[in-house]
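1. Give me coordinates for this.
(one chain, ligands or ions: 1)
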Amino acid sequence: MTSEPFRLAALPTLSRATAARDETARKDPERLDRLWKAGRVLLVDKQGRTPVRDGGTALAPRPALAFADERPAEAMLLGEQGDESYWVLSSDEELRPVPAPPGAWSLWAGAESADGEQWHDLRGVGSLLDDTAAGLFTTAVGLVNWHARARFCAKCGSPVDRTAAGWASKCTGCGREEYPRTDPAVICLVHDGGDQVLLARQPIWPAHRYSVLAGFVETGESLEACVEREIAEEVGVEVTDIRYLGSQPWPFPRSIMIGFTAAADPAAPLVPADGEIEHAHWVHRDRVVEALANGGQLPDLILPGETSIARQMVAGWAGR
Ligand SMILES: [Zn+2]
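-> Below is the predicted model of the structure:
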């Protein structure tokens, strides 16, 4: 079964970025010291939240010199944009929780700091930020998450030192170096070659939320083989005509989502994986179009959020 190809409706929100990643600067201490003096710092807390203003449409970085005159060893360089450099520091600031809006993931709940700025996570505000801010916040969360989970050498167990302005670590015992890790996951929109798309939901999701299928790539496995295996495991159907759509970093805590499309026979019985998929069903294009026109949701169908690549996949297919 083949069908007319389609594209993502737009560049995924977290794939947007404009700041220059300057690898040479990361290994040049004098240059890093100079960049710090005119730098701006994003704070990111343990829940992956950062201060935002203007309803989440802008980040609220602080001047680097407000933290320290000299570049702290834990400061990580995100990149350079025009005359400015951007850095990230982990924050332990105590925050007051603010309830999440109805239907939202609990993770999206914001928090308010003493100065009235709101702290939000990347899933909540990633689609509201401009290209520069979205790229900076995405990279910041990825670096903070990696360091928080890789404090000891995977080979000998000794503590590691942060090096290269946050872009590497070096073992204090055996000297082994490591770089920020990213786990590939495939995400696939399965269609019937006509007007139906296969949408499914996990039991832990908010009621009525549906998305396309996704899963982690196993070691020794190609991306295409992973698509075939994941769809078969999750809903019991065989797919053909696998095509690449695009990708998006997804640092929760350290993935990249690699988007595909594939075709399946809607007459084949759906067998949702026990405990993993609560419900899967074929949905007509008209309903998806209606949901998209209504902000992404109908009373019984909530589409993936605007921060996810899944949203651009579904919208791209629906608008073909
Ligand atoms: Zn080691």
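2. Alongside the ion, which residues does the protein contribute?
-> Counting by CB under 5 Å from the ion, the residues of the chain close to the ion are 153, 155-156, 158, 171, 173-174, 176. In short, each C-beta sits where N, CA and C put it, glycine included.
3. And these, which of them are buried?
-> By neighbour count, with 16 or more other CB atoms under 10 Å, these hold 153, 171 as buried.
4. Narrow the residues of the chain next to the ion to those in strands?
-> In this view, these that belong to strands under DSSP state E are C171.
5. Report the distance from the lengthiest strand in the chain to the chain centre.
-> In the chain, taking DSSP E as the definition, the longest strand is strand 240-250. Centroid separation for strand 240-250 versus its chain: 15 Å, with CA atoms, centre = their mean, to the nearest Å.
6. Now tabulate the residues of the chain next to the ion in TSV and tack on distance to D92.
-> Shown next, in TSV, are the residues of the chain next to the ion (distance: CB to CB, whole Å):
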residue	distance to D92
C153	25
K155	30
C156	29
S158	25
C171	26
G173	27
C174	30
R176	29
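7. now, which of the residues of the chain next to the ion sits nearest P304?
-> C153 (37.5 Å; CB to CB).
8. Return the residues in contact with the closest one.
-> Residues near C153 by CB atoms under 8 Å, 6 or more residues apart in numbering: 159-160, 171-174, 176, 178.
9. Please repeat the previous calculation with a cut-off of 6 Å.
-> 160, 171, 176 (CB atoms under 6 Å, 6 or more residues apart in numbering).
10. nearest to E238, of these?
-> Distances from E238 to these, taken by CB to CB, are shortest for R176, at 42.8 Å.
11. average model confidence for the helix or strand harbouring A25?
-> Taking DSSP states H and E as the criterion, A25 maps to helix 23-26. Averaged across helix 23-26, the pLDDT comes to 95.
12. Can you give me the buried ones in it?
-> 25-26.
13. shift numbering so it begins at 55
-> Yep, numbering from 55; the last one is helix 77-80 now.
14. what does the helix or strand that comes right after that helix rub up against?
-> Per DSSP H and E, the first helix or strand lying C-terminal to helix 77-80 is helix 83-91. Outside helix 83-91, the residues that touch it by CB under 6 Å, 6+ apart are 79, 118, 125, 139, 219.
15. and with 10 Å instead?
-> Applying CB atoms under 10 Å, 6 or more residues apart in numbering, the contact partners of helix 83-91 are 76, 78-80, 82, 93, 117-119, 121-126, 129, 131, 134, 138-141, 218-219.
16. from the chain's centre, how far out does that helix sit?
-> On CA atoms, centre = their mean, the centre of helix 83-91 falls 29 Å from the chain's centre.
17. And the helices in the stretch 55-204 of the chain?
-> Assigned by DSSP state H, counting those that start in this stretch, the helices in the stretch 55-204 of the chain fall at 77-80, 83-91, 176-179, 185-203.
18. how close does W90 get to the ion?
-> W90 sits 29 Å away from the ion, going by CB to the ion, to the nearest Å.
19. what does S144 give?
-> 23 Å.
20. can I assume G248 sits in a strand?
-> No - applying DSSP: H, G, I helix; E, B strand; the rest coil, one finds G248 to be coil, outside a strand.
21. Mind putting the helices of the stretch 55-204 of the chain into JSON lines with distance to R255?
-> Formatted as JSON lines, the helices of the stretch 55-204 of the chain follow (distance: least, CB to CB, whole Å):
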{"stretch": "helix 77-80", "distance to R255": "41"}
{"stretch": "helix 83-91", "distance to R255": "46"}
{"stretch": "helix 176-179", "distance to R255": "17"}
{"stretch": "helix 185-203", "distance to R255": "25"}
